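> Structure, please.
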Amino acid sequence: MQCPSCQHTDSRVLESRAADSGRSVRRRRECLNCDFRFTTYERVETVPITVVKRNGARETFNPSKLLHGLLRACEKTGLEPARLESVVETIELQLQQRNGREVTSSEIGELVLQELSTMSEVAYVRFASVYRQFQSISDFVATLEGLDGARSRRARSALASAV
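This next block holds a predicted model:
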């Protein structure tokens, strides 16, 4: 590792510990030439994910863009931003674990809706209205009926497993 002070390539590790929820290693180092101390981070290199948009355009997956959309959908719903950041991390991890490096924007939208369905019905409907491009009240009604049916199935499943 090259020293940021003198550019010497020999250093020793003074301390190592997990960082970023265990996804990276933080190392405190000391240059063997000038005794300058500095910090480095070691992470697994990930291959970028390409998102194929509805119009066929391709762009690199941007977690902050997804978080921004979630924050807008969840305004005034009581969901904490930290919880939404966790949702984005979960979705990004799911995308990284896939075999392919391309994903459609609709697949990402469905992953978001799966997460929101258990967190907030209001946020779910708000996100779905933009993502699915609702055109009329009947689109809202159909989504609400589907959400209500899913909630009923989850309740029956929970009741059956409790018995």
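
> where along the chain do the helices fall?
For the chain, the helices defined by DSSP state H cover 63-73, 81-96, 105-119, 121-131, 137-162.

> Of these, flag the one that's most buried.
Using mean count of other C-beta atoms under 10 Å, the stretch among the helices of the chain with the largest mean neighbour count is helix 121-131, at a mean of 19. Backbone N, C-alpha and C define where each C-beta goes, glycine included.

> Check the gap between the closest residue to S117 other than its chain neighbours and V88 for me.
Nearest non-adjacent residue to S117, counting by C-beta to C-beta, 6 or more residues apart in numbering: Y124, 5.3 Å away. With distances taken as C-beta to C-beta, to the nearest Å, Y124 is found 16 Å from V88.

> Check R26 too.
From R26 across to V88, the span is 22 Å (C-beta to C-beta).

> Who are the contact partners of the most far-flung residue of the chain relative to its centre?
Distance from the centre of the chain peaks at N33, with 41.5 Å (C-alpha atoms, centre = their mean). Neighbouring residues of N33 by C-beta atoms under 8 Å, 6 or more residues apart in numbering: C3, C6, H8, D10.

> For these, pick the one with the most neighbours.
When neighbours are counted by other C-beta atoms under 10 Å, C3 leads these with 20 neighbours.

> The contacts of N33: which two are farthest apart?
The most widely separated members of the contacts of N33, counting by C-beta to C-beta, are C6 and D10 (10.5 Å).

> Return every residue with contacts to both of these two.
In contact with both C6 and D10: C31, N33, using C-beta under 8 Å, 6+ apart.
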